[in-house]
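1. build the 3D model from these lines:
(one chain, ligands or ions: 1)
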Amino acid sequence: MAGGQCNQGDIRCRVHDEPVSRREFSKSVAATIAALTTLSVVVEACATLPTAESIHGEITPEGSTRRAELKGPTFTTWTEIANLARLAPTPHNTQPFRIRPVDPHTADIIALGDRFLPEEDHGNLYMASAFGIFAATIEVAAAALGVQVKVVPAAAIDVAGLDRASAPTTLGTATIVGRMVPSTDASLLDLRRTSRIPYVDRLVDADTWTALRTIAESRGHRLLEYSDHDVVDATLRLNVNAVIDNLGLVREREEIRRWYRTGPTPQFGDGLWERPLNQSAFEIRTAFGSPGLFHLPVIRQLATRRYLDTQRGTRHIVLLCGSFATWPELVSAGRALFGIWVEMARYGVYVQPMGSMLTNPAYAARIAERFAVTDCWLVMRAGYSDVPPRAPRLESILI
Ligand SMILES: Cc1cc2nc3c(=O)[nH]c(=O)nc-3n(C[C@H](O)[C@H](O)[C@H](O)COP(=O)(O)O)c2cc1C
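-> Numbers count the residues shown, from 1 in each chain. Below is the predicted model:
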């Protein structure tokens with residue numbers, strides 16, 4: 001299934017066998033584009049988004065000696081582990097974590113603060129939880145190579161200050177503790193993807209939810225799942241309103257603008273590209289170039305309809321809830337999310353996190369009220385979909 005293949009009869013192919021909804025989809029896109037095209041000149045002039053051509057070299061290793069050392073035989077195992085660990089998901093595909101091998105058995109895990117999103121991710125909570133995801137990914141990646149690795153987070157981390165640290169921060173240490181029979185889970189790291197395309201209008205069965213709930217509980221979290229049509233529709237609608245309203249928050253918008261990319265998805269890279277995002281270059285440029293347009297009722301309505309159309313077929317809303325404040329809690333939350341997400345890949349279930357509702361306090365309050373919960377830190381839509389396009393990864397995360 002990786003690489004966009006899907007077999008006839010495969011549930012993931014069926015989403016394309018629905019002529020009526022495809023027609024409706026095309027009509028809605030055409031209407032939206034027609035309404036907006038007249039504004040495109042203004043938009044093009046205002047939007048400055050990176051493209052494949054405009055993105056230059058990444059953070060490089062500290063010098064040619066170090067580069068040669070990293071390519072040499074001493075660190076072969078870390079190179080192979082890092083290659084798979086690149087697949088860890090991060091908010092806006094910012095990929096802020098690096099592996100710095102110290103010796104053949106030990107590596108530090110480093111955070112690059114300039115890749116954090118402090119305006120949107122208040123207090124760096126989601127980025128800190130993404131370290132938990134990264135730690136778990138390293139362990140699964142190593143296991144797939146027949147190597148047992150344990151990642152231990154640093155004892156005390158000033159989470160809120162991570163984006164302002166004057167130098168990269170060591171968030172933990174990965175240690176090779178033994179050898180093992182290679183696990184067969186490497187493919188799950190690639191199968192796990194964010195799916196922002198329409199889902200197949202089919203419920204995920206109860207046993208799958210039980211298995212996923214058990215994983216959340218093993219990490220001290222709760223997975224709440226809703227499939228009532230009204231709840232699903234209202235939550236998707238609330239999310240699109242949050243997405244649009246958040247575009248009006250200047251500092252947040254300018255922070256995330258840096259991570260939106262138009263053009264063909266490159267083989268190596270970071271950020272959110274138009275195909276994995278399931279948004280056209282025109283839509284992305286409009287959002288960042290002329291966010292004020294979305295306050296016009298007609299444009300807002302058209303944009304809402306178009307966005308919701310990309311989410312048609314959604315049958316489940318999932319909430320992850322539990323402690324999400326201190327460094328150990330955030331690491332544990334990330335490990336819970338990773339465990340659930342990878343297990344979903346095993347069952348062919350996809351998700352799209354919908355963070356805009358929880359990073360905006362007004363919307364977070366509405367989620368708390370609607371679901372009668374006070375400690376939920378992630379809302380997602382979930383279900384079956386065609387295989388979504390892969391988001392790129394940096395060529396190397398070793399430093
Ligand atoms: C903590 C966290 C929050 C995320 N929030 C969102 C979100 O609000 N909306 C969204 O579309 N994707 C969200 N994502 C998905 C990332 O954008 C995605 O993982 C990244 O682009 C890499 O793509 P992949 O998951 O397909 O490998 C989130 C991911 C993480 C780890």
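2. any idea of the pLDDT on the residue in the stretch 251-399 of the chain that the ligand sits nearest to?
-> Residue nearest to the ligand within the stretch 251-399 of the chain (Cβ to the nearest ligand atom): Gly355, separated by 2.9 Å. From N, CA and C alone the C-beta is placed, and that goes for glycine too. Note for Gly355: predicted pLDDT of 94.
3. residues in contact with it?
-> By Cβ atoms under 8 Å, 6 or more residues apart in numbering, the residues touching Gly355 are Pro91, Tyr126, Leu378, Val379.
4. got the phi/psi numbers for it?
-> Dihedral angles of Gly355 (phi, psi; degrees, to the nearest 10) stand at phi -70, psi -20.
5. counting neighbours, what do you get for Ser64?
-> Neighbourhood size, Ser64 [other Cβ atoms under 10 Å]: 9.
6. show me the helices in the stretch 101-250 of the chain, by range?
-> Along the stretch 101-250 of the chain, the segments classed as helices by DSSP state H, counting those that start in this stretch run 125-144, 186-191, 206-218, 229-247, 250-257.
7. which one of those helices lies closest to the ligand?
-> Among the helices of the stretch 101-250 of the chain, the nearest to the ligand by Cβ to the nearest ligand atom is helix 125-144 (4.5 Å).
8. since we're on the closest residue to Leu330 other than its chain neighbours, how many residues are nearby?
-> The shortest distance from Leu330 to any non-neighbouring residue, by Cβ to Cβ, 6 or more residues apart in numbering, is to Ala128 (4.0 Å). By other Cβ under 10 Å, 27 other residues sit near Ala128.
9. do Glu139 as well
-> As a burial measure, Glu139 scores 20 neighbours (other Cβ under 10 Å).
10. try Arg193
-> 22.
11. cool, and the one 4 residues further on?
-> By other Cβ under 10 Å, 20 other residues sit near Ile197.
12. picking up where we left off before, isn't the residue nearest to Leu330 right next to Ala160, touching?
-> No: using Cβ atoms under 8 Å, Ala128 is not in contact with Ala160, being 9.2 Å away.
13. can you tell me the SS state at Ile317?
-> Under DSSP: H, G, I helix; E, B strand; the rest coil, Ile317 falls in the strand class.
14. isn't it up against Gly383?
-> No: the criterion here is Cβ under 8 Å, and Ile317 misses it with Gly383 at 10.0 Å.
15. one step back: pull the most distant pair out of the contacts of Gly355.
-> Farthest pair in these (Cβ to Cβ) is Pro91 and Val379. Separation: 14.0 Å.
16. neighbour count: the two, which is higher?
-> Higher neighbour count among Pro91 and Val379: Val379, with 26 against 23, using other Cβ under 10 Å.
17. nearest residue to the more buried one in space, please, no chain neighbours.
-> Counting by Cβ to Cβ, 6+ apart, the residue nearest Val379 is Met354, at 5.0 Å.
18. again, but for Ala88
-> Nearest residue to Ala88 in three dimensions, chain neighbours excluded: Thr137, at 3.8 Å (Cβ to Cβ, 6+ apart).
19. per-residue pLDDT, that neighbour?
-> Taking Thr137 on its own, its pLDDT is 98.
20. tally of neighbours for it?
-> For Thr137, the neighbour count with other Cβ under 10 Å is 26.
21. I'd say it and Ala85 touch.
-> Yes: between Thr137 and Ala85 there is a contact under Cβ under 8 Å: 4.9 Å.
22. up against the ligand, what does the stretch 51-200 of the chain have?
-> Residues of the stretch 51-200 of the chain found near the ligand (Cβ under 6 Å from any ligand atom) are Pro89, Thr90, Pro91, His92, Asn93, Tyr126, Ser129, Ala130, Ile133, Arg193, Thr194, Arg196.
23. the first one: what secondary structure?
-> In other words, Pro89. Using three-state DSSP, the structure places Pro89 in coil.
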